[in-house]
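S.K.: here you go, sequence then predicted model.
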Amino acid sequence: MTEGCPKHCILMCVLLISGKSKEAEIKRINKELANIRSKFKGDKALDGYSKKKYVCKLLFIFLLGHDIDFGHMEAVNLLSSNRYTEKQIGYLFISVLVNSNSELIRLINNAIKNDLASRNPTFMGLALHCIANVGSREMAEAFAGEIPKILVAGDTMDSVKQSAALCLLRLYRTSPDLVPMGDWTSRVVHLLNDQHLGVVTAATSLITTLAQKNPEEFKTSVSLAVSRLSRIVTSASTDLQDYTYYFVPAPWLSVKLLRLLQCYPPPEDPAVRGRLTECLETILNKAQEPPKSKKVQHSNAKNAVLFEAISLIIHHDSEPNLLVRACNQLGQFLQHRETNLRYLALESMCTLASSEFSHEAVKTHIETVINALKTERDVSVRQRAVDLLYAMCDRSNAQQIVAEMLNYLETADYSIREEIVLKVAILAEKYAVDYTWYVDTILNLIRIAGDYVSEEVWYRVIQIVINRDDVQGYAAKTVFEALQAPACHENLVKVGGYILGEFGNLIAGDPRSSPLIQFNLLHSKFHLCSVPTRALLLSTYIKFVNLFPEIKTTIQDVLRSDSQLKNADVELQQRAVEYLRLSTIASTDILATVLEEMPPFPERESSILAKLKKKKGPGTVTDLEEIKKERSSDMNGSAEPASVNASAVSTPSPSADLLGLGAAPLTNSAPPPSSSGSLLVDVFSDSASAVAPLAPGSDDNFARFVCKNNGVLFENQLLQIGLKSEFRQNLGRMFIFYGNKTSTQFLNFTPTVICSDDLHFLNHFLCLNLQTKPVDPTVDGGAQVQQVVNIECVSDFMEAPILNIQFRYGGTFQNLSVKLPITLNKFFQPTEMSSQDFFQRWKQLSNPKQEVQNIFKAKHPMDAEITKAKIIGFGSALLEEVDPNPANFVGAGIIHTKTTQIGCLLRLEPNLQAQMYRLTLRTSKEAVSQRLCELLSEQF
C-alpha cells in the first residue's frame, strides 16, 4: 500500500505503529482526524496530491480499526484524476470503505464507466478491480452487460482480459440473474487457446462456474481444455518458465482445467478421449518419478494436480485401467508421513470403492486402513478411515470390518460415535449371513456405546427378530444373559423387555430362565429406567400374564402397588390401571387375542440407512450404496414400525403394539438442509432470520442454574424449556426438553446453539466444543421433544452459549433466545484438602493477578445450610474445620479443560450484622478467578 502513498502518510503510519500505548495511538489519531477534517472544510481548495495524502491517511486509520465518517466525496473526486497514484488511492478507499447502499454509488459508477471507456489498460484494471471488490447488485446492473464485451474484444490487453474475466466471475456469483448469456459465451470459450496463460487461467475459472449452471452453452470447451491440458502436461518445466512453480508446469491452470472437465461426461470424440487418457496416464506416471526438489512447495503442487486428475478419473468411471492405477497410487499415500495426504487418499478411495472396476483394488488395502484406524493421531483422518471401511465392506470382509469398527468405537471421539454406530448397524444387517451374529453385534453395540444407539437402531433389531423365526429363540436367550450384568444400558433393557415379552416362552423351559426369573430380572431394572422404558416394561408384564399364567398373581401385585396406581406420571398410571383391570376381568381367550405376538413388519427401506443419509447429507459415501446394489445383496427385512401415538398405546386392542415400539421417538433427525446453490431467497423461509435478543428474565433463570443442573430454564404461554445436565471432568451432556404448551402444532421448529466470538481462542479454535443432535421440525400440541448436547471444554471460557429457538405457531413466526447455562464452574472436580495443605496452597497463589475479591451485599437470607448447598452445587468441595473462623466457608476444586487443569481455592466470609459477604478466589489464571467470582457472587 506504500506505492503511491505520500511521505507524510508513511511517516504518520510509522509514528502510529511505534506508539508506546493504545492511548497514545488514539490521541495521535484524533489529532490527525481533526487536522484532515479542517483541511477538507477549509476555504482553500486542495490539489490532487493533498487529497491523495489525506485520503490515504484516512484509509490507514480505518484499517487500524477506527471508524471513518467523512472523506468519501474527496475519494470519489480522486477517481477523475489523470494521475495513476491519485486514482489508485481513490479506488482503494472506495473498495474498502464505501457501502453498496451509499448515495455515492451513482457518482462512482460514472467514474468507472469513464475509465472503462478510456481504453487505458491501467485505468481499466483499477476500475475492474473496484467492481469486483464491491461486487454489489447495483454495480452488476450497471456493468454486467459491458464487461463481457471488454473480455472478448480483440484489442483488449491481456492484463485487462484477466481482470475482466475475474470481475465477471465475481458478479455472476453475487447476481447470476443479471449476467446475460449471449454471443460472448461462444467467444469466451476460445480464450482457452489464448497465448497468455494468465488469461487462460482466469477464463477457465469463469467458464467452470458458468458451465455448472449452463453446461450446453459451454460444452465446446471440453476439447479445448483437453488440448490445453495436453500441452501443459507434456511440456518440460523450462517450456513454461513464467508459469512453472517449483518444477511443476502451470499447476494452478492444470487443476482448473481438470476441474472444468469434471462438469461433463467423458468426451464422445475418440480422438479427444484418447488424448485425455494420455494426459491422465502422464500425470499418474509423473507421480511415480523421483521428486525434482525436496521443497514442500514442489510436492504440494505436484500432488494437487495428481489428486484433481484422480477426481476426474473417478468422475468419468469408464477406464478400468486408470481407476486401478489411481487406487494403487492412493494406496501409497495411506502411509505417507504427511497427514493431509493420508486424509485426501482415504477420502478419494471412499469414492473409488463405489466403482465396480476398482472396488476389488480398494479392498487390497484393508489392513492398512485398519492400522490407520488404530494408530492415526488425527481424528479427521480416523473418521475418513471409518468411511472407507464402510465403503469397501461386502460379504467377504463384513465380519472383520464390523469387529474393527466395534473395537475402535470404545475409544472413538464423541463427535463421531453416533455415525459409527449407524454404520455398524447397517453393515451388520446388510451382510448378515448368520443372524445370530447380527444379534450379538447389535447387543455388543449397545454395551459399548449405548448412549449413541438411536431409537432407529434398536427398532431394527426388534423388526428383524420378529420377521425371522430362526433367530427368535437365540435372541431371547442372548438378551436374557446380557440383562444379568449389574449395569445395563437402558436401550438394552428396552430390547430385552420387548424380546422377552414376545418370545420369553421359548427359553422358559430352562430352570435358569424360568418365567419368574425372567420377570424378576426385568423388574430389577424398572426403578432405574426413564418413563418411556417403564411404560414398555409394564407392557412386557401384561404380555407375561398371557405367556406365563403361573406368575399372574406376582405381576398383579406389582401393578396393584401404590408406586404404579398412584404414579405421578399419567401414562404409567393409566397403563397400570388398564393392565391390572385387563388381567383381572378378561378371559384366557380374550387375553390371548389382545396380547398375541406382533405380526411381521412390512418390508420397507431401512430407517437406519435413511438416518445416516440425513446425517451425512447428499452426495456422501452413503449415497454410493445405490450404485453398489448390483454387487451386493438387498436389505434383509427392511421394515420400519408404523407410528402410533402414546395415548393409543395405552388402550389395549388386538392390533395395538403394546410395547410401544411403534411410538415416535423423542428425538428425530431434522430434514436435510436445502441446497445452498440457489441464490433465490425463499421469502417464506425462516432459516435466515436474525437471532433474537435474549428473552426477558433470561439472565435471572441463567443465574439459578449456576449451582444446579436440572430444572425449567424458560417458560412462556407457548413454550417450556427444561434442562437435565451431567458433567464429569472436561466433558458434559445436556438434555434439553422443549414442551409445546398449546394445542396447536409448532412448525419449522429449529433450536440452534450459538457460540459467541468470546468462545474462541487462538483465532479459530472453540473454547467449547458442542455437538447437538437435531430435533423433529414439527412439535405436536401438548407434546415434548428432546435434544441432546454433548459438551467438551477445550479451554477456559467466559461467555455462555446462546440457545436460539425459531418456529411457526398459527402462521406467526416465533424467534427467541436464552442463555444456555454452560459455565466454567460446571467443569469443577471437588478436591478434599487438610487445613495445612489448604493454607500452604493459598500462600502459593499469592500473586495479585491470581486473586480476585468481591465484597457485596447479601441478596438472599444468610442461611448457613443454604450457603453450604450452593458452594457444593457450584462444584467445589466444602472443606470443614479448615478456616480458623467456623463461620467462614472454604472450598477447593480443579477446573478440568482439554488443554489444562486449573486449581481453585475459595473463601466466603459472611458478616451477619452488616448483611454482607466477602468472597475471595485464588486460581493460577486471573481470568478464571474473575469469572468464578462473578458467577458465585450472584448466588448469595
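M.R.: Cool, got the structure.
S.K.: quick check: mean pLDDT across stretch 862-874?
M.R.: Here stretch 862-874 scores 84 as its mean pLDDT.
S.K.: neighbouring contacts of it?
M.R.: Stretch 862-874 has contacts (CB atoms under 8 Å, 6 or more residues apart in numbering) with 706-708, 825, 828, 830, 860, 878, 889, 891, 906, 908, 910, 912, 915, 935-936, 939-940. Every residue, glycine included, has its C-beta placed from N, CA and C.
S.K.: weed out the non-buried ones from those residues.
M.R.: When those are checked for burial by 16 or more other CB atoms under 10 Å, the buried set is 706-707, 825, 828, 830, 878, 889, 891, 906, 908, 910, 935-936, 939-940.
S.K.: okay, and which of the contacts of stretch 862-874 map to strands?
M.R.: Residues of those located in strands (DSSP state E): 828, 830, 878, 889, 891, 906, 908, 910.
S.K.: the last one and residue 88, how far apart?
M.R.: It stands for residue 910. For residue 910, the distance to residue 88 equals 68 Å [CB to CB, to the nearest Å].
S.K.: for the helix or strand hosting residue 553, packing partners?
M.R.: Under the criterion of DSSP states H and E, residue 553 resides in helix 552-560. Helix 552-560 is packed against helix 515-526, helix 531-547, helix 570-585, with contacts defined by 3 or more CB pairs under 8 Å, 6 or more residues apart in numbering; DSSP states H and E.
S.K.: swap in 6 Å and give it another go.
M.R.: helix 531-547, helix 570-585 (3 or more CB pairs under 6 Å, 6 or more residues apart in numbering; DSSP states H and E).
S.K.: looking at these, which is buried most?
M.R.: Neighbour counts (mean count of other CB atoms under 10 Å) averaged over each of the helices and strands packed on helix 552-560 peak at helix 531-547, with a mean of 23.
S.K.: OK, contacts around residue 165?
M.R.: By CB atoms under 6 Å, 6 or more residues apart in numbering, the contact set of residue 165 is 151, 202-203, 206.
S.K.: am I right that it falls within a helix?
M.R.: Yes: assigned with DSSP: H, G, I helix; E, B strand; the rest coil, residue 165 falls within a helix.
S.K.: thinking again about what came up before, I'd like the helices and strands packed on helix 552-560 as JSON lines, with mean pLDDT and distance to residue 872 appended.
M.R.: Formatted as JSON lines, the helices and strands packed on helix 552-560 follow (pLDDT from 0 to 100; distance: least, CB to CB, whole Å):
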{"stretch": "helix 531-547", "mean pLDDT": "91", "distance to residue 872": "28"}
{"stretch": "helix 570-585", "mean pLDDT": "90", "distance to residue 872": "32"}
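S.K.: from the buried ones among the contacts of stretch 862-874, pick the one nearest residue 374.
M.R.: residue 828 (34.3 Å; CB to CB).
S.K.: tell me where the stretch 101-250 of the chain has helices.
M.R.: Counting by DSSP state H, counting those that start in this stretch, the stretch 101-250 of the chain has these helices, from start to end: 105-117, 121-134, 137-143, 147-152, 158-174, 184-189, 197-213, 221-233.
S.K.: pLDDT on the fifth one, on average?
M.R.: Summarised as a single mean, pLDDT over helix 158-174 is 91.
S.K.: list the buried ones in it?
M.R.: 159-172, 174.
S.K.: show me which of those is closest to residue 571.
M.R.: Among the buried residues of helix 158-174, residue 174 lies closest to residue 571 (CB to CB), at 54.1 Å.
S.K.: now do the same contact list for the closest one.
M.R.: By CB under 6 Å, 6+ apart, residue 174 lies in contact with residue 135.
S.K.: measure it to residue 280 for me?
M.R.: For residue 174 relative to residue 280 (CB to CB), the value is 35 Å.
S.K.: same check, this time on residue 935
M.R.: Counting by CB to CB - residue 935 and residue 280 are separated by 61 Å.
S.K.: same check on residue 255?
M.R.: Distance from residue 255 to residue 280, by CB to CB: 14 Å.
S.K.: where does the stretch 501-650 of the chain dip in pLDDT?
M.R.: Along the stretch 501-650 of the chain, segments meeting pLDDT under 70 span 603-650.
S.K.: what about 50?
M.R.: Scanning the stretch 501-650 of the chain for pLDDT under 50 picks out the ranges 618-650.
S.K.: grab the CA positions of stretch 887-904 and hand them over as CSV.
M.R.: Taking C-alpha atoms only, stretch 887-904 is exported to CSV below (Å, rounded to 0.1, in the frame of the first residue of the first chain):
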residue,chain,number,x,y,z
ALA,A,887,-18.5,-19.1,60.4
ASN,A,888,-16.4,-18.9,57.2
PHE,A,889,-16.8,-21.3,54.3
VAL,A,890,-13.8,-22.6,52.3
GLY,A,891,-13.7,-24.8,49.2
ALA,A,892,-11.3,-26.3,46.8
GLY,A,893,-11.5,-27.9,43.4
ILE,A,894,-9.9,-28.2,40.0
ILE,A,895,-11.3,-26.9,36.7
HIS,A,896,-10.8,-29.5,34.0
THR,A,897,-10.3,-28.5,30.4
LYS,A,898,-8.9,-30.5,27.5
THR,A,899,-5.8,-28.3,27.4
THR,A,900,-5.1,-27.8,31.1
GLN,A,901,-6.2,-28.1,34.7
ILE,A,902,-6.7,-25.1,36.9
GLY,A,903,-6.6,-25.4,40.7
CYS,A,904,-9.1,-23.2,42.5
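S.K.: so which of the helices of the stretch 101-250 of the chain gets nearest residue 722?
M.R.: Once the helices of the stretch 101-250 of the chain are compared by CB to CB, helix 158-174 is nearest, at 43.8 Å.
S.K.: state the three-state secondary structure for residue 722.
M.R.: strand.
S.K.: so who does the closest residue to it other than its chain neighbours touch?
M.R.: Counting by CB to CB, 6 or more residues apart in numbering, residue 722 lies nearest to residue 737, which is 4.1 Å off, once chain neighbours are set aside. Counting by CB under 6 Å, 6+ apart, residue 737 makes contact with 722, 784, 786.
S.K.: which of the residues you listed sits closest to residue 178?
M.R.: Nearest member of the contacts of residue 737 to residue 178, counting by CB to CB, is residue 786, at 46.2 Å.
S.K.: if we can go back for a sec, so which of the helices and strands packed on helix 552-560 is nearest residue 27?
M.R.: helix 531-547 (65.7 Å).
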